[in-house]
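**Q** my questions are about this predicted structure, shown below with the sequence.
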Amino acid sequence: MSQAQQAAEGIRNVAVKFRGFLEAADALERIGNLEQAERETMARVEQAKKSEALAVDLLKKKAQELNKAEEEIQAAKDKTDEIIAFAKKTAASVVAEAESEGAKIVQSAKNAKASFEREIDGLRAEREALRNSIAASKEELAAINKQVEEAKNKIAAFLK
């Protein structure tokens, strides 16, 4: 073999080695991108968990407020009964006025209860949406983890 042929053979060998380095660099870059995506997904999962916890706390608070409103409704009903009993002992005009006031109190309490129930329904829907979001994030994380594992296996196979 001539010197030119030997030099050409040597250059080809070096070019093949550098191509392997470029492929390895590309693979490492893809792994870095997958790792970044995994970190971002984990951050979104943590945020979703925090949001769910906040929603659950708010739901509990609204349930307590609803219980308090129901107690207020019962108290208003009890007060109305007292007013009606007292009004029966007095003039017809006092009876009419007491019934009107009692009805307003009961209606106001019912309106408050209905408002709380609507708000609780909204919070429940929001909680369900958060749960769905968390489930989707978990699926996305599993897919990313699978891709990372596949990339690691390819790198390991390539490096062997």
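**A** Everything's here; your move.
**Q** use CA for all of it now, contacts and neighbours both
**A** Noted.
**Q** how far off centre is the helix or strand encompassing Glu97?
**A** Using DSSP states H and E, the element containing Glu97 is helix 92-159. Distance of helix 92-159 from the chain centroid (Cα atoms, centre = their mean, to the nearest Å) equals 9 Å.
**Q** with just CA atoms, put stretch 99-114 into CSV.
**A** Output of stretch 99-114 as CSV, limited to C-alpha atoms (Å, rounded to 0.1, in the frame of the first residue of the first chain):
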residue,chain,number,x,y,z
GLU,A,99,-94.1,36.6,59.8
SER,A,100,-92.8,38.9,57.1
GLU,A,101,-89.5,39.4,59.0
GLY,A,102,-89.1,35.7,59.6
ALA,A,103,-89.7,34.9,56.0
LYS,A,104,-87.0,37.3,55.0
ILE,A,105,-84.5,35.8,57.4
VAL,A,106,-85.3,32.3,56.2
GLN,A,107,-85.1,33.4,52.5
SER,A,108,-81.8,35.1,53.2
ALA,A,109,-80.4,32.0,54.9
LYS,A,110,-81.7,29.8,52.0
ASN,A,111,-80.1,32.2,49.5
ALA,A,112,-76.8,32.0,51.4
LYS,A,113,-77.1,28.2,51.6
ALA,A,114,-77.7,28.0,47.8
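**Q** in it, what's buried?
**A** Neighbour-count burial for stretch 99-114 flags Glu99, Gly102, Ile105, Val106, Ala109, Lys110, Ala112, Lys113 (criterion: 16 or more other Cα atoms under 10 Å).
**Q** turn those into CSV, including distance to Asn67.
**A** As requested, those are arranged in CSV below (distance: Cα to Cα, whole Å):
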residue, distance to Asn67
Glu99, 25
Gly102, 20
Ile105, 17
Val106, 15
Ala109, 12
Lys110, 12
Ala112, 11
Lys113, 9
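**Q** now, which of these sits nearest Lys17?
**A** Minimum distance to Lys17 across these is 75.3 Å, recorded for Lys113 (Cα to Cα).
**Q** need the contact list for the closest one.
**A** By Cα atoms under 8 Å, 6 or more residues apart in numbering, the residues touching Lys113 are Leu66, Ala69, Glu70.
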